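K.L.:
Task: produce atomic coordinates for the following.
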Amino acid sequence: MRLWAAAHAVDDLYQGLIPATVPYFVLDRHYSYLAASGLTLAATLGSSLPQPFIGVAVDRFRLGGLAGIGVAVAGLGAGLSGLAGPYFLVWLLILISGAGVAMFHPAAGKSAREAAGESASAMSMFAAGGSVGFFLAPVLATPALSALGVGATALFIPPALLAGYALLRSHARHAAAARAKTEAEAASAAPPVAVTPAGPDQWRPFAALTGIEVVRSIAFFGVNTFIELYWLRSLHASRALAGTALACFLVGGVAGTLIGGRIADRIGTIRTVRLGSLLGLPALVALRLCPGAVAPLIFAVLAGLVLNIPFAVLVKLGQDYLPARPGTAAGVTLGLGVSVGGLASPILGAVAESHGPRGVFTVLCAVPIAATLLAFLLTAPEKYKVAGSATE
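P.N.:
Residues are numbered from 1 along each chain as shown. Predicted coordinates for the structure are as follows:
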């Protein structure tokens, strides 16, 4: 799980790297705001739309090595984008980087679940790796790009290549061990043990779960995108304090992901999803209404925490709903559901144009209500109904 968590951090570093580099493309290349938003759209399209289809391919053809290839492609695309000249080439490289992210998540989610078993805490370690990557992206990119310009994106290529190599090597070792086991069973004439899914695929609750992931993603991307502007324009804070607010939100997200897994192991996955959805409303309302520029930092941490409590739990629960398609489930919950929130950014941008960042946070306060309603449509996976475990 440590390897998968570290690889997830490296992979999602490149998801966070693109928004962090956009301002420098505007400054160094004199891109318009429309052109800059096109780069964000390229990353979102590349990472969100292909993931369900890649998940199907991972389940059907057992493409375990795809995770290593994906993280390498994500890093190469993002790293080379700052060195490219024409806008179209930059846009294409960022699209390719997003496609690499899409390649990583289904295969990694499936393999991480196999390593985690039924432990939500272990799965939360893997999911938290992604939150760490999002947090590290602006922390590492801002000083590098400020000092060296947008071409400094090339400095972020080596981690992707190292992570890709480590994953491909690990996959090769596991594949060799599996072949040796098969050959030993054949030599001893022992009948192979059939591994069957633990229950039927349940598409209706999986659809509700996907809806929860999408609205959670809209809230996360909305806060992540506009929190600095909210501190600058609405709370009239300094740039340093605005950056601190973003860091507080992202650190809260890492903590929430880890805490959510531990809560789920104690009270069950569905109750944990409902708890996180219910707490999202007061956390965002408090963030929106708290006066001053320093006191709201507390609620920035709490908002990040409660929005991410269901994160790892949704990934695990999605695979429980589709036990025969763990790669597909990971591609939707871990991939599509997470990144599709970026597609709502233009809508929130239009709200900001009319009502400012404060208006965006007012709209975001309504998002947890939809998540809560969808959470009460979730039902226990069939295998737990039979076994009688504490899913509820």
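
K.L.:
burial measure for A172, as a count.
P.N.:
Look at A172: counted by other CB atoms under 10 Å, it has 13 neighbours. Where you see a C-beta, it was placed from the backbone N, CA and C, and this is true even at glycine.

K.L.:
Now do the same contact list for it.
P.N.:
Going by CB atoms under 8 Å, 6 or more residues apart in numbering, A172 touches G65.

K.L.:
One more: A108?
P.N.:
A108 touches 4, 7-8, 11, 67, 70, 126, 167, 330, counting by CB under 8 Å, 6+ apart.

K.L.:
Just put those residues in a markdown table and tack on pLDDT.
P.N.:
Formatted as a markdown table, the contacts of A108 follow (pLDDT from 0 to 100):
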| residue | pLDDT |
| --- | --- |
| W4 | 87 |
| A7 | 91 |
| H8 | 90 |
| D11 | 92 |
| A67 | 89 |
| G70 | 93 |
| F126 | 84 |
| L167 | 92 |
| A330 | 77 |
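
K.L.:
Dump these to JSON lines, plus distance to E213.
P.N.:
JSON lines is the format used below for those (distance: CB to CB, whole Å):
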{"residue": "W4", "distance to E213": "20"}
{"residue": "A7", "distance to E213": "21"}
{"residue": "H8", "distance to E213": "16"}
{"residue": "D11", "distance to E213": "18"}
{"residue": "A67", "distance to E213": "20"}
{"residue": "G70", "distance to E213": "20"}
{"residue": "F126", "distance to E213": "16"}
{"residue": "L167", "distance to E213": "24"}
{"residue": "A330", "distance to E213": "11"}
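
K.L.:
Torsion angles phi and psi at R62?
P.N.:
Backbone geometry at R62, expressed as degrees, to the nearest 10, gives phi 50, psi 60.

K.L.:
What is the burial count for it?
P.N.:
Neighbours around R62, by other CB under 10 Å: 13.

K.L.:
cool, L364 as well?
P.N.:
25.

K.L.:
ok, the residue nearest to V306 when sequence neighbours are not counted - contacts?
P.N.:
With CB to CB, 6 or more residues apart in numbering as the criterion, V306 has its nearest non-adjacent residue at 4.1 Å, and that residue is L279. Each residue near L279 by CB under 8 Å, 6+ apart is listed here: 306, 309, 368.

K.L.:
And those, which is closest to G109?
P.N.:
I309 (18.6 Å; CB to CB).

K.L.:
which ones are touching that closest one?
P.N.:
256-257, 259-260, 263, 272, 275-276, 279.

K.L.:
Tabulate those residues (TSV), appending pLDDT.
P.N.:
Compiled in TSV, the contacts of I309 are given as follows (pLDDT from 0 to 100):
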residue	pLDDT
G256	91
T257	88
I259	92
G260	91
I263	93
T272	94
L275	94
G276	93
L279	95
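
K.L.:
Just give me the closest of the residues you listed to M103.
P.N.:
Closest to M103, out of all of the contacts of I309 and judged by CB to CB, is T257, at 22.2 Å.

K.L.:
Show only the entries of the contacts of A108 found in helices.
P.N.:
4, 7-8, 11, 67, 70, 126, 167, 330 (DSSP state H).

K.L.:
Could you report the separation of Y321 from T379?
P.N.:
Note on Y321: its distance to T379, by CB to CB, to the nearest Å, is 9 Å.

K.L.:
got any residues that touch both of the two?
P.N.:
202, 205.

K.L.:
Would you mind measuring from the residue nearest to A6 when sequence neighbours are not counted to D12?
P.N.:
Nearest residue to A6 in three dimensions, chain neighbours excluded: G129, at 6.3 Å (CB to CB, 6+ apart). Distance, G129 to D12, using CB to CB: 7 Å.

K.L.:
Equivalent analysis for F206, please.
P.N.:
23 Å.

K.L.:
neighbour count winner among these two?
P.N.:
Neighbour totals were compared for F206 and D12, and D12 leads with 28 against 23 (other CB under 10 Å).

K.L.:
Quick one: residues contacting the more buried one.
P.N.:
Here D12 is in contact with 101, 129-134, 137 (criterion: CB under 8 Å, 6+ apart).

K.L.:
ok, for it, nearest residue in space, not its chain neighbours?
P.N.:
Going by CB to CB, 6+ apart, D12 has G133 as its nearest residue, at 3.3 Å.

K.L.:
Low-confidence regions, this protein specifically.
P.N.:
For the chain, the stretches with pLDDT under 70 are 33, 178, 181-183, 185-199, 335-339, 342, 383-392.

K.L.:
please redo it, this time with the cut-off set to 50
P.N.:
193-196, 384-390 (pLDDT under 50).

K.L.:
The residue nearest to A6 and Q319, how far apart?
P.N.:
Counting by CB to CB, the separation of G129 from Q319 is 17 Å.

K.L.:
excluding its backbone neighbours, what's nearest L287?
P.N.:
Nearest residue to L287 in three dimensions, chain neighbours excluded: F299, at 4.0 Å (CB to CB, 6+ apart).

K.L.:
Tell me which residues of whichever strand or helix holds the one you found come out buried.
P.N.:
Assessed by DSSP states H and E, F299 sits inside helix 296-308. Buried residues in helix 296-308, counted by 16 or more other CB atoms under 10 Å: 296-297, 299-308.
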